[in-house]
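Peer 1: sequence-free structure coming up:
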């Protein structure tokens, strides 16, 4: 097992994406690394599950129906219990504007889709040491 994979072992990771394909591939990569995975189809679904599952890291797609990723991130960060939970924005666009807007709503990182297993696990690992020390 690689160093990064062992760093993320046991962490609870939520993936919020309206694409079943993205959710499934993220779930497979994360499960292989030893993470507990919580899946949500959109922002409303995610907000209902966050309080119950208390994820260590949250990935949220920007472009979703009903409640987009920016608003979902802003709502998560407004909640005192989850303000320090890392939120990683997922987007198929790698634009400066999207990154800036993600930062404005409190996101901690930005990942361009399609992601690889390495980039996904690396993003989780970058927050893992922080989670373990708090």
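Peer 2: On my side now, so go ahead. None of the values given here were measured: they were computed from a predicted structure.
Peer 1: Counting neighbours, which bits of the biggest helix by length in the chain end up buried?
Peer 2: In the chain, taking DSSP state H as the definition, the longest helix is helix 117-133. Using 16 or more other CB atoms under 10 Å as the test for burial, helix 117-133 gives 120-128, 131. C-beta: built from backbone N, CA, C; applies to glycine.
Peer 1: which of the residues you listed lies closest to residue 106?
Peer 2: residue 127 (14.1 Å; CB to CB).
Peer 1: how many other residues sit next to the closest residue to residue 56 other than its chain neighbours?
Peer 2: In this structure, residue 56 finds its nearest non-sequential neighbour in residue 11, 4.5 Å apart by CB to CB, 6 or more residues apart in numbering. Neighbour count for residue 11, taken as other CB atoms under 10 Å: 21.
Peer 1: what about residue 11, distance to residue 90?
Peer 2: 17 Å (CB to CB, to the nearest Å).
Peer 1: In three-state terms, label residue 110 for me.
Peer 2: Here residue 110 is recorded as strand under DSSP: H, G, I helix; E, B strand; the rest coil.
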